[in-house]
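Chemist: Just need the structure, nothing else, for what follows:
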Amino acid sequence: MDRDTSKGRPAEASKARPSGPPGDAISSAGPPRILVVEDEADIRESFCAILEAEGFRVSGATSLREARDTIVKLKPSLALLDVGLPDGNGLDLIPQLQALDPAPAIVIVTAETKVETAVQAMKAGATDYLEKPIGLDRLLTTARLCLERRALVEENRELRLQASDRWRVLGTSDAIRSLLDKLDRVADSDIPVLIRGENGTGKELIARQLHLRSKRYRERFVATNCAAIPETLIEAEFFGHAKGAFTGADRARDGLFIEAGAGTVFLDEIGEMPAALQARLLRVLQERRVTPLGSSEQKDFDCRIVTASNRDLEAAIADGSFREDLYYRVRGVELVVPPLRERGDDVLVLAQHFLDEEMAEKPRDLVLGKSAGTWLRAQPWPGNVRQLRSLIRAAVLLLDEGEIDADGLESLARPQRSATAPSREGEPTSFFAIENLREFRHAVEKEFFRRKLEEEAWNVSVTARRVGIRRTNLHDRLRLLGLK
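Modeler: Numbering: from 1, shown residues only. You can find the predicted model right below:
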(Lines give C-alpha, C1' and ligand atoms only; values in the text may rest on other atoms or scores of the structure.)
Protein backbone atom coordinates (compact mmCIF):
# COMPACT_ATOMS: atom_id res chain seq x y z
CA MET A 1 0.00 0.00 0.00
CA ASP A 2 1.26 3.53 -0.76
CA ARG A 3 2.47 5.32 2.32
CA ASP A 4 0.25 8.37 1.66
CA THR A 5 -2.84 6.23 1.15
CA SER A 6 -2.44 4.50 4.50
CA LYS A 7 -2.48 7.70 6.56
CA GLY A 8 -5.63 8.20 8.53
CA ARG A 9 -7.13 4.89 7.42
CA PRO A 10 -7.53 3.25 10.88
CA ALA A 11 -10.16 5.77 12.03
CA GLU A 12 -12.09 5.43 8.77
CA ALA A 13 -11.90 1.68 8.99
CA SER A 14 -13.21 1.50 12.54
CA LYS A 15 -16.23 3.52 11.47
CA ALA A 16 -16.91 1.31 8.46
CA ARG A 17 -16.44 -2.10 10.14
CA PRO A 18 -19.48 -4.10 11.38
CA SER A 19 -20.38 -3.47 15.00
CA GLY A 20 -20.77 -7.14 15.98
CA PRO A 21 -18.11 -9.20 17.78
CA PRO A 22 -15.04 -10.00 15.65
CA GLY A 23 -15.76 -13.72 15.75
CA ASP A 24 -19.38 -13.56 14.49
CA ALA A 25 -20.14 -15.87 11.58
CA ILE A 26 -21.15 -14.12 8.37
CA SER A 27 -23.84 -15.52 6.11
CA SER A 28 -22.68 -17.04 2.82
CA ALA A 29 -25.37 -15.03 1.00
CA GLY A 30 -24.84 -11.51 -0.28
CA PRO A 31 -21.66 -9.83 -1.55
CA PRO A 32 -18.29 -11.65 -1.72
CA ARG A 33 -16.63 -12.26 1.65
CA ILE A 34 -12.99 -11.26 2.05
CA LEU A 35 -10.59 -12.27 4.81
CA VAL A 36 -7.64 -9.94 5.50
CA VAL A 37 -4.87 -11.61 7.54
CA GLU A 38 -2.37 -8.89 8.53
CA ASP A 39 -0.63 -8.25 11.86
CA GLU A 40 0.05 -4.54 11.20
CA ALA A 41 -3.07 -2.76 12.44
CA ASP A 42 -2.90 0.28 10.16
CA ILE A 43 -2.50 -1.81 7.00
CA ARG A 44 -5.17 -4.31 8.06
CA GLU A 45 -7.71 -1.61 8.88
CA SER A 46 -6.89 0.30 5.70
CA PHE A 47 -7.46 -2.80 3.54
CA CYS A 48 -10.71 -3.53 5.32
CA ALA A 49 -12.03 0.01 4.91
CA ILE A 50 -11.11 0.19 1.20
CA LEU A 51 -12.73 -3.16 0.41
CA GLU A 52 -15.86 -2.46 2.47
CA ALA A 53 -16.28 0.87 0.69
CA GLU A 54 -16.51 -1.18 -2.55
CA GLY A 55 -19.37 -3.26 -1.13
CA PHE A 56 -17.47 -6.36 -0.01
CA ARG A 57 -18.02 -8.04 3.38
CA VAL A 58 -14.69 -8.08 5.16
CA SER A 59 -13.22 -9.64 8.30
CA GLY A 60 -9.71 -9.10 9.62
CA ALA A 61 -7.34 -11.38 11.57
CA THR A 62 -3.99 -10.60 13.19
CA SER A 63 -2.52 -14.11 13.60
CA LEU A 64 -2.67 -17.68 12.31
CA ARG A 65 -4.79 -18.74 15.26
CA GLU A 66 -7.35 -15.99 14.79
CA ALA A 67 -7.36 -16.55 11.03
CA ARG A 68 -8.06 -20.28 11.39
CA ASP A 69 -11.13 -19.57 13.55
CA THR A 70 -12.33 -16.85 11.15
CA ILE A 71 -11.96 -19.11 8.09
CA VAL A 72 -14.34 -21.65 9.63
CA LYS A 73 -16.98 -19.01 10.39
CA LEU A 74 -16.54 -16.71 7.40
CA LYS A 75 -15.90 -19.20 4.56
CA PRO A 76 -14.29 -16.41 2.52
CA SER A 77 -14.50 -15.94 -1.24
CA LEU A 78 -11.07 -14.25 -1.20
CA ALA A 79 -8.24 -14.32 1.34
CA LEU A 80 -5.46 -11.72 1.54
CA LEU A 81 -2.63 -13.35 3.50
CA ASP A 82 0.41 -11.65 5.00
CA VAL A 83 3.44 -13.96 5.06
CA GLY A 84 5.09 -12.79 8.30
CA LEU A 85 2.69 -13.25 11.23
CA PRO A 86 3.48 -13.32 14.97
CA ASP A 87 2.77 -17.05 15.28
CA GLY A 88 3.86 -18.34 11.88
CA ASN A 89 3.75 -18.03 8.09
CA GLY A 90 0.55 -16.98 6.29
CA LEU A 91 1.22 -19.67 3.67
CA ASP A 92 0.34 -22.24 6.33
CA LEU A 93 -3.32 -21.17 5.99
CA ILE A 94 -3.51 -22.21 2.34
CA PRO A 95 -4.35 -25.92 2.91
CA GLN A 96 -7.26 -24.97 5.21
CA LEU A 97 -8.54 -22.45 2.67
CA GLN A 98 -8.26 -24.91 -0.20
CA ALA A 99 -10.24 -27.47 1.78
CA LEU A 100 -13.30 -25.19 1.67
CA ASP A 101 -15.99 -25.97 -0.89
CA PRO A 102 -15.84 -23.88 -2.96
CA ALA A 103 -12.24 -22.88 -2.34
CA PRO A 104 -11.53 -19.12 -2.17
CA ALA A 105 -9.09 -17.14 -4.28
CA ILE A 106 -5.85 -16.55 -2.34
CA VAL A 107 -3.59 -13.49 -2.64
CA ILE A 108 -0.29 -13.35 -0.77
CA VAL A 109 0.60 -9.88 0.56
CA THR A 110 4.15 -9.33 1.84
CA ALA A 111 6.97 -6.81 2.12
CA GLU A 112 9.47 -9.45 0.94
CA THR A 113 10.83 -8.95 -2.56
CA LYS A 114 12.45 -12.36 -2.96
CA VAL A 115 11.39 -14.26 -6.05
CA GLU A 116 11.58 -17.49 -4.04
CA THR A 117 8.71 -16.30 -1.82
CA ALA A 118 6.48 -15.63 -4.81
CA VAL A 119 7.34 -19.02 -6.34
CA GLN A 120 6.67 -20.77 -3.04
CA ALA A 121 3.31 -19.00 -2.70
CA MET A 122 2.13 -19.90 -6.20
CA LYS A 123 3.24 -23.51 -5.81
CA ALA A 124 1.30 -23.69 -2.54
CA GLY A 125 -1.87 -22.65 -4.37
CA ALA A 126 -2.01 -18.86 -4.23
CA THR A 127 -3.90 -17.11 -7.02
CA ASP A 128 -1.78 -13.95 -7.01
CA TYR A 129 1.07 -12.22 -5.18
CA LEU A 130 1.34 -8.56 -4.10
CA GLU A 131 4.35 -6.74 -2.67
CA LYS A 132 3.99 -3.92 -0.14
CA PRO A 133 3.48 -1.00 -0.44
CA ILE A 134 0.27 -1.57 -2.40
CA GLY A 135 -1.70 1.23 -4.02
CA LEU A 136 -5.48 1.52 -3.71
CA ASP A 137 -6.12 0.80 -7.40
CA ARG A 138 -3.81 -2.23 -7.41
CA LEU A 139 -5.54 -3.73 -4.36
CA LEU A 140 -9.05 -3.29 -5.77
CA THR A 141 -8.11 -4.46 -9.27
CA THR A 142 -6.46 -7.60 -7.91
CA ALA A 143 -9.41 -8.34 -5.62
CA ARG A 144 -11.95 -7.91 -8.44
CA LEU A 145 -9.95 -10.00 -10.94
CA CYS A 146 -9.43 -12.82 -8.45
CA LEU A 147 -13.13 -12.87 -7.52
CA GLU A 148 -14.18 -12.79 -11.19
CA ARG A 149 -11.82 -15.66 -11.98
CA ARG A 150 -13.19 -17.64 -9.04
CA ALA A 151 -16.78 -16.94 -10.17
CA LEU A 152 -15.96 -18.25 -13.65
CA VAL A 153 -14.38 -21.37 -12.19
CA GLU A 154 -17.46 -21.99 -10.05
CA GLU A 155 -19.81 -21.34 -12.95
CA ASN A 156 -17.85 -23.79 -15.07
CA ARG A 157 -17.91 -26.29 -12.22
CA GLU A 158 -21.69 -25.96 -11.90
CA LEU A 159 -22.16 -26.46 -15.63
CA ARG A 160 -19.95 -29.53 -15.50
CA LEU A 161 -21.91 -30.92 -12.55
CA GLN A 162 -25.20 -30.29 -14.37
CA ALA A 163 -23.90 -32.05 -17.46
CA SER A 164 -22.53 -34.89 -15.37
CA ASP A 165 -25.86 -35.18 -13.57
CA ARG A 166 -27.73 -35.34 -16.88
CA TRP A 167 -25.46 -38.11 -18.13
CA ARG A 168 -24.80 -39.83 -14.80
CA VAL A 169 -24.52 -43.59 -14.55
CA LEU A 170 -27.05 -44.95 -12.07
CA GLY A 171 -26.47 -48.09 -10.06
CA THR A 172 -24.25 -49.53 -7.35
CA SER A 173 -23.73 -53.08 -8.58
CA ASP A 174 -20.22 -54.55 -8.60
CA ALA A 175 -20.33 -54.62 -12.41
CA ILE A 176 -21.03 -50.88 -12.65
CA ARG A 177 -18.55 -49.97 -9.91
CA SER A 178 -15.83 -51.91 -11.71
CA LEU A 179 -16.67 -50.18 -15.01
CA LEU A 180 -16.60 -46.68 -13.48
CA ASP A 181 -13.34 -47.40 -11.66
CA LYS A 182 -11.69 -48.35 -14.96
CA LEU A 183 -13.31 -45.35 -16.66
CA ASP A 184 -11.82 -42.97 -14.07
CA ARG A 185 -8.39 -44.51 -14.58
CA VAL A 186 -8.35 -43.78 -18.31
CA ALA A 187 -10.44 -40.56 -18.38
CA ASP A 188 -7.52 -38.12 -18.37
CA SER A 189 -5.47 -40.11 -20.84
CA ASP A 190 -5.53 -39.48 -24.60
CA ILE A 191 -5.57 -43.20 -25.33
CA PRO A 192 -8.40 -44.30 -27.69
CA VAL A 193 -11.23 -46.15 -25.95
CA LEU A 194 -13.47 -48.86 -27.42
CA ILE A 195 -16.76 -49.34 -25.56
CA ARG A 196 -18.36 -52.76 -25.96
CA GLY A 197 -21.84 -53.82 -24.91
CA GLU A 198 -25.22 -55.07 -26.03
CA ASN A 199 -27.83 -52.80 -27.56
CA GLY A 200 -29.49 -50.55 -25.00
CA THR A 201 -26.84 -50.89 -22.27
CA GLY A 202 -25.83 -47.20 -22.43
CA LYS A 203 -22.60 -47.11 -24.41
CA GLU A 204 -23.07 -43.44 -25.34
CA LEU A 205 -23.71 -42.64 -21.69
CA ILE A 206 -20.34 -44.16 -20.80
CA ALA A 207 -18.68 -42.21 -23.64
CA ARG A 208 -20.13 -38.95 -22.32
CA GLN A 209 -19.00 -39.75 -18.78
CA LEU A 210 -15.53 -40.45 -20.13
CA HIS A 211 -15.54 -36.99 -21.75
CA LEU A 212 -16.94 -35.19 -18.69
CA ARG A 213 -14.39 -36.76 -16.36
CA SER A 214 -11.47 -35.94 -18.65
CA LYS A 215 -9.35 -32.81 -19.00
CA ARG A 216 -11.22 -32.17 -22.26
CA TYR A 217 -14.59 -31.64 -20.55
CA ARG A 218 -14.70 -27.93 -21.50
CA GLU A 219 -14.48 -28.85 -25.17
CA ARG A 220 -17.12 -30.31 -27.51
CA PHE A 221 -18.44 -33.87 -27.47
CA VAL A 222 -19.35 -34.82 -31.04
CA ALA A 223 -21.21 -38.09 -31.60
CA THR A 224 -22.32 -39.95 -34.71
CA ASN A 225 -23.76 -43.36 -35.48
CA CYS A 226 -21.78 -45.08 -38.21
CA ALA A 227 -24.79 -47.26 -39.11
CA ALA A 228 -27.22 -44.35 -39.47
CA ILE A 229 -25.34 -42.23 -42.04
CA PRO A 230 -25.96 -43.01 -45.74
CA GLU A 231 -22.83 -44.44 -47.37
CA THR A 232 -22.85 -41.61 -49.92
CA LEU A 233 -22.52 -38.99 -47.16
CA ILE A 234 -20.46 -40.74 -44.51
CA GLU A 235 -17.07 -39.54 -45.83
CA ALA A 236 -18.21 -35.91 -45.92
CA GLU A 237 -19.70 -36.31 -42.43
CA PHE A 238 -16.42 -37.59 -41.02
CA PHE A 239 -13.83 -35.54 -42.86
CA GLY A 240 -15.75 -32.48 -44.09
CA HIS A 241 -16.04 -31.14 -47.63
CA ALA A 242 -15.20 -28.12 -49.74
CA LYS A 243 -17.87 -25.96 -51.34
CA GLY A 244 -19.08 -27.62 -54.55
CA ALA A 245 -17.49 -30.97 -53.71
CA PHE A 246 -20.76 -32.71 -54.61
CA THR A 247 -24.32 -31.83 -55.55
CA GLY A 248 -25.88 -29.90 -52.69
CA ALA A 249 -22.56 -28.84 -51.12
CA ASP A 250 -23.39 -25.13 -51.32
CA ARG A 251 -20.88 -24.28 -48.61
CA ALA A 252 -17.75 -25.77 -47.06
CA ARG A 253 -18.11 -27.78 -43.89
CA ASP A 254 -15.73 -29.15 -41.29
CA GLY A 255 -16.07 -32.83 -40.52
CA LEU A 256 -16.48 -34.40 -37.08
CA PHE A 257 -12.78 -34.40 -36.24
CA ILE A 258 -12.33 -30.67 -36.85
CA GLU A 259 -15.71 -29.73 -35.33
CA ALA A 260 -14.74 -31.43 -32.06
CA GLY A 261 -11.68 -29.19 -31.61
CA ALA A 262 -9.77 -30.45 -28.58
CA GLY A 263 -12.82 -32.38 -27.38
CA THR A 264 -14.04 -35.92 -28.01
CA VAL A 265 -15.36 -37.65 -31.14
CA PHE A 266 -17.63 -40.61 -30.40
CA LEU A 267 -18.10 -43.09 -33.26
CA ASP A 268 -20.98 -45.36 -32.31
CA GLU A 269 -21.42 -48.76 -33.99
CA ILE A 270 -18.03 -48.59 -35.66
CA GLY A 271 -18.43 -52.24 -36.62
CA GLU A 272 -21.02 -51.16 -39.22
CA MET A 273 -18.58 -48.89 -41.06
CA PRO A 274 -18.13 -49.71 -44.79
CA ALA A 275 -14.80 -51.34 -45.66
CA ALA A 276 -13.64 -48.46 -47.91
CA LEU A 277 -14.15 -45.94 -45.13
CA GLN A 278 -12.35 -48.17 -42.62
CA ALA A 279 -9.16 -47.85 -44.70
CA ARG A 280 -9.39 -44.07 -44.87
CA LEU A 281 -10.26 -43.74 -41.18
CA LEU A 282 -7.21 -45.82 -40.28
CA ARG A 283 -4.93 -43.45 -42.17
CA VAL A 284 -6.60 -40.39 -40.62
CA LEU A 285 -6.12 -41.76 -37.12
CA GLN A 286 -2.48 -42.61 -37.83
CA GLU A 287 -1.63 -39.19 -39.25
CA ARG A 288 -3.97 -37.14 -37.02
CA ARG A 289 -5.04 -35.01 -40.01
CA VAL A 290 -7.93 -34.99 -42.46
CA THR A 291 -8.39 -33.92 -46.08
CA PRO A 292 -11.94 -32.66 -46.78
CA LEU A 293 -13.71 -33.98 -49.87
CA GLY A 294 -13.02 -31.80 -52.90
CA SER A 295 -9.99 -30.18 -51.26
CA SER A 296 -6.24 -30.78 -51.22
CA GLU A 297 -5.80 -28.94 -47.91
CA GLN A 298 -4.86 -31.13 -44.97
CA LYS A 299 -6.10 -30.14 -41.51
CA ASP A 300 -4.62 -31.37 -38.23
CA PHE A 301 -6.99 -32.35 -35.44
CA ASP A 302 -6.53 -32.75 -31.70
CA CYS A 303 -9.66 -34.60 -30.53
CA ARG A 304 -9.80 -37.83 -28.58
CA ILE A 305 -11.33 -40.84 -30.32
CA VAL A 306 -13.90 -42.97 -28.51
CA THR A 307 -15.70 -45.76 -30.37
CA ALA A 308 -18.43 -48.25 -29.54
CA SER A 309 -19.80 -51.48 -30.95
CA ASN A 310 -22.29 -54.18 -30.06
CA ARG A 311 -20.79 -56.51 -32.67
CA ASP A 312 -18.26 -59.25 -32.05
CA LEU A 313 -15.42 -57.39 -33.74
CA GLU A 314 -13.05 -60.33 -33.46
CA ALA A 315 -15.53 -62.42 -35.46
CA ALA A 316 -15.90 -59.53 -37.92
CA ILE A 317 -12.11 -59.51 -38.38
CA ALA A 318 -12.18 -63.27 -38.98
CA ASP A 319 -14.86 -62.99 -41.67
CA GLY A 320 -13.12 -60.01 -43.29
CA SER A 321 -15.79 -57.37 -42.61
CA PHE A 322 -13.64 -55.36 -40.20
CA ARG A 323 -9.99 -54.39 -40.52
CA GLU A 324 -7.69 -55.86 -37.90
CA ASP A 325 -5.30 -52.87 -38.02
CA LEU A 326 -8.20 -50.44 -37.42
CA TYR A 327 -9.39 -52.60 -34.52
CA TYR A 328 -6.06 -52.25 -32.73
CA ARG A 329 -5.93 -48.54 -33.55
CA VAL A 330 -9.27 -47.78 -31.83
CA ARG A 331 -8.94 -50.37 -29.06
CA GLY A 332 -6.37 -48.66 -26.88
CA VAL A 333 -8.44 -49.52 -23.82
CA GLU A 334 -11.65 -51.52 -23.83
CA LEU A 335 -14.59 -50.72 -21.55
CA VAL A 336 -17.36 -53.32 -21.39
CA VAL A 337 -20.82 -52.11 -20.36
CA PRO A 338 -22.61 -54.92 -18.50
CA PRO A 339 -26.09 -56.01 -19.61
CA LEU A 340 -28.94 -55.11 -17.28
CA ARG A 341 -29.53 -58.76 -16.33
CA GLU A 342 -26.07 -58.81 -14.70
CA ARG A 343 -26.60 -55.66 -12.62
CA GLY A 344 -28.78 -57.02 -9.81
CA ASP A 345 -30.80 -54.42 -7.95
CA ASP A 346 -29.66 -51.69 -10.34
CA VAL A 347 -32.81 -52.50 -12.31
CA LEU A 348 -34.88 -51.17 -9.39
CA VAL A 349 -32.78 -48.01 -9.11
CA LEU A 350 -33.16 -47.36 -12.82
CA ALA A 351 -36.89 -48.15 -12.82
CA GLN A 352 -37.51 -45.69 -9.98
CA HIS A 353 -35.40 -43.04 -11.73
CA PHE A 354 -37.34 -43.43 -14.98
CA LEU A 355 -40.62 -43.38 -13.06
CA ASP A 356 -39.64 -40.13 -11.32
CA GLU A 357 -38.60 -38.58 -14.64
CA GLU A 358 -41.86 -39.50 -16.36
CA MET A 359 -44.03 -38.33 -13.47
CA ALA A 360 -42.17 -35.00 -13.40
CA GLU A 361 -43.45 -34.42 -16.94
CA LYS A 362 -46.82 -36.15 -16.52
CA PRO A 363 -47.84 -35.85 -12.85
CA ARG A 364 -49.36 -39.18 -11.71
CA ASP A 365 -49.83 -40.89 -8.37
CA LEU A 366 -47.82 -44.03 -9.08
CA VAL A 367 -45.44 -46.15 -7.00
CA LEU A 368 -43.57 -49.35 -7.75
CA GLY A 369 -45.04 -52.17 -5.69
CA LYS A 370 -43.12 -55.07 -4.14
CA SER A 371 -44.38 -57.55 -6.73
CA ALA A 372 -43.25 -55.18 -9.49
CA GLY A 373 -39.74 -55.13 -7.99
CA THR A 374 -39.63 -58.93 -7.88
CA TRP A 375 -40.85 -59.11 -11.49
CA LEU A 376 -38.34 -56.51 -12.70
CA ARG A 377 -35.40 -58.39 -11.14
CA ALA A 378 -36.48 -61.65 -12.77
CA GLN A 379 -36.60 -60.41 -16.37
CA PRO A 380 -33.81 -61.16 -18.91
CA TRP A 381 -34.05 -57.65 -20.45
CA PRO A 382 -32.84 -58.40 -23.99
CA GLY A 383 -33.26 -54.68 -24.79
CA ASN A 384 -31.44 -53.71 -21.57
CA VAL A 385 -31.85 -50.20 -20.12
CA ARG A 386 -33.57 -48.90 -23.24
CA GLN A 387 -36.23 -51.61 -22.92
CA LEU A 388 -36.75 -50.85 -19.21
CA ARG A 389 -37.18 -47.15 -19.91
CA SER A 390 -39.77 -47.83 -22.61
CA LEU A 391 -41.69 -50.11 -20.25
CA ILE A 392 -41.80 -47.54 -17.43
CA ARG A 393 -42.87 -44.83 -19.88
CA ALA A 394 -45.72 -47.06 -21.03
CA ALA A 395 -46.69 -47.76 -17.41
CA VAL A 396 -47.00 -44.05 -16.63
CA LEU A 397 -49.15 -43.52 -19.71
CA LEU A 398 -51.40 -46.59 -19.54
CA LEU A 399 -51.68 -47.95 -16.00
CA ASP A 400 -54.19 -46.70 -13.43
CA GLU A 401 -52.90 -44.55 -10.59
CA GLY A 402 -51.79 -46.30 -7.44
CA GLU A 403 -49.37 -49.19 -7.06
CA ILE A 404 -47.67 -50.59 -10.15
CA ASP A 405 -47.67 -54.37 -9.71
CA ALA A 406 -46.16 -57.30 -11.58
CA ASP A 407 -49.37 -58.04 -13.51
CA GLY A 408 -49.50 -54.47 -14.83
CA LEU A 409 -45.90 -54.54 -16.02
CA GLU A 410 -46.23 -57.99 -17.54
CA SER A 411 -49.33 -56.94 -19.49
CA LEU A 412 -47.38 -54.04 -20.98
CA ALA A 413 -44.28 -56.12 -21.70
CA ARG A 414 -46.24 -58.89 -23.46
CA PRO A 415 -46.38 -58.38 -27.26
CA GLN A 416 -49.84 -57.23 -28.35
CA ARG A 417 -51.06 -59.40 -31.21
CA SER A 418 -53.80 -58.94 -33.75
CA ALA A 419 -56.74 -61.33 -33.77
CA THR A 420 -55.29 -63.17 -36.80
CA ALA A 421 -51.73 -63.43 -35.48
CA PRO A 422 -50.70 -66.77 -33.95
CA SER A 423 -50.40 -66.89 -30.15
CA ARG A 424 -47.08 -67.77 -28.53
CA GLU A 425 -48.37 -71.19 -27.45
CA GLY A 426 -49.97 -71.89 -30.83
CA GLU A 427 -47.13 -70.78 -33.07
CA PRO A 428 -45.83 -74.21 -34.15
CA THR A 429 -49.30 -75.48 -35.05
CA SER A 430 -50.28 -72.23 -36.78
CA PHE A 431 -47.07 -71.93 -38.80
CA PHE A 432 -46.85 -75.58 -39.77
CA ALA A 433 -50.47 -75.61 -40.77
CA ILE A 434 -49.39 -73.45 -43.73
CA GLU A 435 -48.92 -75.73 -46.73
CA ASN A 436 -47.22 -73.28 -49.10
CA LEU A 437 -43.47 -72.86 -48.44
CA ARG A 438 -43.45 -69.26 -49.66
CA GLU A 439 -46.34 -68.32 -47.36
CA PHE A 440 -44.64 -70.13 -44.47
CA ARG A 441 -41.42 -68.18 -44.94
CA HIS A 442 -43.37 -64.93 -45.20
CA ALA A 443 -45.27 -65.61 -41.94
CA VAL A 444 -42.17 -66.66 -39.99
CA GLU A 445 -40.09 -63.72 -41.24
CA LYS A 446 -42.86 -61.26 -40.45
CA GLU A 447 -43.20 -62.58 -36.89
CA PHE A 448 -39.42 -62.54 -36.45
CA PHE A 449 -39.04 -58.90 -37.50
CA ARG A 450 -42.13 -57.81 -35.58
CA ARG A 451 -40.76 -59.24 -32.34
CA LYS A 452 -37.29 -57.74 -32.82
CA LEU A 453 -38.81 -54.34 -33.61
CA GLU A 454 -41.00 -54.50 -30.48
CA GLU A 455 -37.96 -55.32 -28.34
CA GLU A 456 -36.21 -52.23 -29.74
CA ALA A 457 -39.26 -49.95 -29.43
CA TRP A 458 -39.66 -50.04 -33.25
CA ASN A 459 -36.30 -48.39 -33.81
CA VAL A 460 -35.44 -49.59 -37.32
CA SER A 461 -31.74 -48.61 -37.21
CA VAL A 462 -31.10 -50.41 -33.93
CA THR A 463 -33.08 -53.46 -35.07
CA ALA A 464 -31.14 -53.63 -38.33
CA ARG A 465 -27.85 -53.70 -36.46
CA ARG A 466 -29.14 -56.32 -34.06
CA VAL A 467 -30.32 -58.76 -36.75
CA GLY A 468 -27.29 -58.11 -38.95
CA ILE A 469 -28.67 -56.39 -42.06
CA ARG A 470 -28.45 -52.88 -43.45
CA ARG A 471 -31.07 -50.37 -42.39
CA THR A 472 -32.17 -49.70 -45.98
CA ASN A 473 -32.62 -53.44 -46.58
CA LEU A 474 -34.71 -53.74 -43.44
CA HIS A 475 -36.96 -50.88 -44.58
CA ASP A 476 -37.52 -52.77 -47.84
CA ARG A 477 -38.30 -56.03 -46.02
CA LEU A 478 -40.79 -54.31 -43.71
CA ARG A 479 -42.64 -52.84 -46.65
CA LEU A 480 -42.86 -56.25 -48.34
CA LEU A 481 -44.03 -57.90 -45.10
CA GLY A 482 -46.69 -55.27 -44.45
CA LEU A 483 -45.05 -54.00 -41.26
CA LYS A 484 -44.74 -50.40 -42.47
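Chemist: which non-adjacent residue is nearest Ala61?
Modeler: The shortest distance from Ala61 to any non-neighbouring residue, by C-beta to C-beta, 6 or more residues apart in numbering, is to Ala67 (3.9 Å). (C-beta placed from N, C-alpha, C; glycine too.)
Chemist: What distance do you get for Ala378 to Ala315?
Modeler: When distance is defined by C-beta to C-beta, to the nearest Å, Ala378 is 31 Å away from Ala315.
Chemist: quick one: buried residues of stretch 356-375?
Modeler: For stretch 356-375, the neighbour count (16 or more other C-beta atoms under 10 Å) marks Glu358, Arg364, Leu366, Leu368, Gly369, Ser371, Ala372, Gly373, Trp375 as buried.
Chemist: hey, where'd the helices end up in the stretch 101-250 of the chain?
Modeler: 115-124, 136-166, 174-187, 203-212, 231-239 (DSSP state H, counting those that start in this stretch).
Chemist: How far off centre is stretch 382-395?
Modeler: A distance of 22 Å separates the centroid of the chain from that of stretch 382-395, by C-alpha atoms, centre = their mean, to the nearest Å.
Chemist: just stretch 247-256 next, same as before
Modeler: 29 Å.
Chemist: Can you list the buried residues in that stretch?
Modeler: Quick answer for stretch 247-256 (16+ other C-beta under 10 Å): Arg253, Asp254, Gly255, Leu256.
Chemist: Tell me which of these fall in helices.
Modeler: Cross-referencing the buried residues of stretch 247-256 against helices under DSSP state H gives Leu256.
Chemist: Can you tell me which of the buried residues of stretch 247-256 is closest to Ala99?
Modeler: Each of the buried residues of stretch 247-256 was checked against Ala99 using C-beta to C-beta; the closest is Leu256, at 41.4 Å.
Chemist: how near is Ala105 to Leu233?
Modeler: Plainly put, Ala105 is 49 Å away from Leu233 if you go by C-beta to C-beta.
Chemist: Have a look at those two and say which one is more surrounded.
Modeler: Ala105 (26 against 12; other C-beta atoms under 10 Å).
Chemist: Could you list which residues are in contact with that one?
Modeler: Ser77, Leu78, Ala79, Thr127, Asp128, Cys146, Leu147, Arg149, Arg150 (C-beta atoms under 8 Å, 6 or more residues apart in numbering).
Chemist: of these, buried ones?
Modeler: Looks like the contacts of Ala105 have Ser77, Leu78, Ala79, Thr127, Asp128, Cys146, Leu147, Arg150 buried, using 16+ other C-beta under 10 Å.
Chemist: Columns distance to Leu205 and pLDDT on top of these, output as TSV?
Modeler: Output for these, formatted as TSV (distance: C-beta to C-beta, whole Å; pLDDT from 0 to 100):
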residue	distance to Leu205	pLDDT
Ser77	35	92
Leu78	38	94
Ala79	40	93
Thr127	36	82
Asp128	40	86
Cys146	37	90
Leu147	36	89
Arg150	31	85
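Chemist: Could you tell me how many residues sit around Leu194?
Modeler: Leu194 has 22 nearby residues by other C-beta under 10 Å.
Chemist: what residues are up against Val349?
Modeler: Leu170, Gly171, Thr172.
Chemist: go again using 6 Å as the cut-off
Modeler: When contacts are counted by C-beta atoms under 6 Å, 6 or more residues apart in numbering, Val349 touches Leu170, Gly171.
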